[in-house]
Structures are given as structure tokens and as C-alpha cells.
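1. turn this into a structure:
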Amino acid sequence: MSRIGKMPITVPAGVDVKIADGNVVTVKGPKGTLCQALHGDMLIKQEGDVLTVERPNDEKKNKSLHGLTRSLLANMVHGVTEGFSKQLEINGVGYRAQKQGNKLVLNLGYSHPVEMDAVDGITVDVPAPNTIIVSGADKQVVGEVAAKIREKRPPEPYKGKGIKYSDERIIRKEGKAGKAKK
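-> Have a look, this model is predicted:
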């Protein structure tokens, strides 16, 4: 039995869950509404304020979908109640971020500033010139937007310049001076 798949999901007060035909699940909460079509083989049951996911049999495909379906449901419920966020840090001389209207403008050492448009349902905050916070209800979209921002100038291993996640550790290299002479 899947250790993750068999765990029940408690739905907090103020969150509305609807399961339509074809396992289309809609979750409404204070942070927004999420809708996702989950795999049709999984059996999603709602009893009061508890959601459970069951699999029809022990085939390999259904075993792998069991935990995935439960995790996707749990992320939807968590997203509409508390939301998700990722924090990015910018390192480098002259590298900075600023918000202009609903656009994110990044100065990353290129000859031009890099502008990124806002994504629906995602808020991008710049509390400091070297910090970016991406937050929203959908965990997958938050991660995707944060990855696209990081992609504009990934951290390099010699000086550590670039955009990195706040919890990311950059493995540094020594450079030419560290080579041993023969």
C-alpha cells in the first residue's frame, strides 16, 4: 500500500471541494479556485470534510498514480488555504530587480534590462533590490515562474553571481589560480 496515497486529506472550513465526472476536481478557497483533471482510474471519495484516494487494483500503473493523485489533491487544498511561495536571491555587482506596474524588471549585467510580464494568479513581490518572492495558489505554476526568473541568469560556480533560490547552495569552483604547477 502506498504510504502517501492512503493518508486522508482534511478539508478545512471555508474550502469547497467538488468532484465531477472524469475525476475533474475543483477546489475553492480564500486564496482562489483551482481545477484539475486527475487520472480516471483513481477513486476519489469525499466523506464530510475528509478526502480519500483509493486505487482499483495493485497494478504497477495504479500504484504509481495512487500517491501522485493524493499529493496533487493535498497541494490544491493547501494552495487555496495558505498558498505557496518561493524566494529568489540575486547576487552580483549591479544586479537588481524592481517592479514597474505589473512587470518585473531585472538588471542582470546584460546590455538591456530583462522584462517579465505578470502571470495570472501569481504575485511577484520585490521587498529588496536583491530579493524576489513569487507566491500563488498553484504550486506547479509558482515553481514554473520561479524557474523562468532563475533561468534569466543562473548562478555561476566561480563567483556565485546570478539568481538562485534562497535555500539553494552553490558549489563553488576554485578557478585558474588553484591549479597545481608541474
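2. spatially nearest residue to the residue nearest to the spatial centre of the chain (excluding sequence neighbours)?
-> Centroid-nearest residue in the chain, with C-alpha atoms, centre = their mean: residue 143, separated by 2.9 Å. By the measure of C-beta to C-beta, 6 or more residues apart in numbering, the closest residue to residue 143 outside its immediate chain neighbours is residue 86, 6.6 Å from it. For glycine as for every other residue, the C-beta is placed from the backbone atoms N, C-alpha and C.
3. now the helix or strand hosting that neighbour, how far from the chain's geometric center?
-> Here residue 86 sits within strand 84-91, counting by DSSP states H and E. Relative to the mean C-alpha coordinate of its chain, strand 84-91 is positioned 11 Å out (C-alpha atoms, centre = their mean, to the nearest Å).
4. hang on, the earlier thing: tell me the pLDDT of the residue nearest to residue 143.
-> For residue 86, the pLDDT comes out at 97.
5. try residue 178
-> 59.
6. can you give me phi and psi for residue 150?
-> When read as degrees, to the nearest 10, the backbone of residue 150 gives phi -60, psi -30.
7. please shift the residue numbers so they start at 648 in all later answers.
-> Got it, first residue is 648 now, which makes that one residue 797.
8. count the neighbours of the closest residue to residue 739 other than its chain neighbours for me.
-> Nearest residue to residue 739 in three dimensions, chain neighbours excluded: residue 808, at 3.7 Å (C-beta to C-beta, 6+ apart). Using other C-beta atoms under 10 Å, residue 808 has 20 neighbouring residues.
9. show me what contacts residue 808?
-> 738, 739, 740, 742, 756, 800, 802 (C-beta atoms under 8 Å, 6 or more residues apart in numbering).
10. on that earlier part again, look at the residue nearest to the centre of the chain and give its secondary structure.
-> For residue 790, the secondary structure call by DSSP: H, G, I helix; E, B strand; the rest coil comes out as helix.
11. next one: the one 5 residues further on
-> Using three-state DSSP as the criterion, the local structure at residue 795 reads helix.
12. quick check: it vs residue 735, distance?
-> 11 Å (C-beta to C-beta, to the nearest Å).
13. quick check: buried residues in the biggest helix by length in the chain?
-> Ordering each helix of the chain by length in residues (DSSP state H) puts helix 707-728 first. Within helix 707-728, the residues that qualify as buried are 709, 712-728, counting by 16 or more other C-beta atoms under 10 Å.
14. do the same with stretch 731-742
-> 731, 733, 735, 736, 737, 738, 739, 742.
15. from the contacts of residue 808, which two are the most distant?
-> Maximum pairwise distance in these, criterion C-beta to C-beta, is 14.4 Å, between 740 and 802.
16. good, we can wrap up now.
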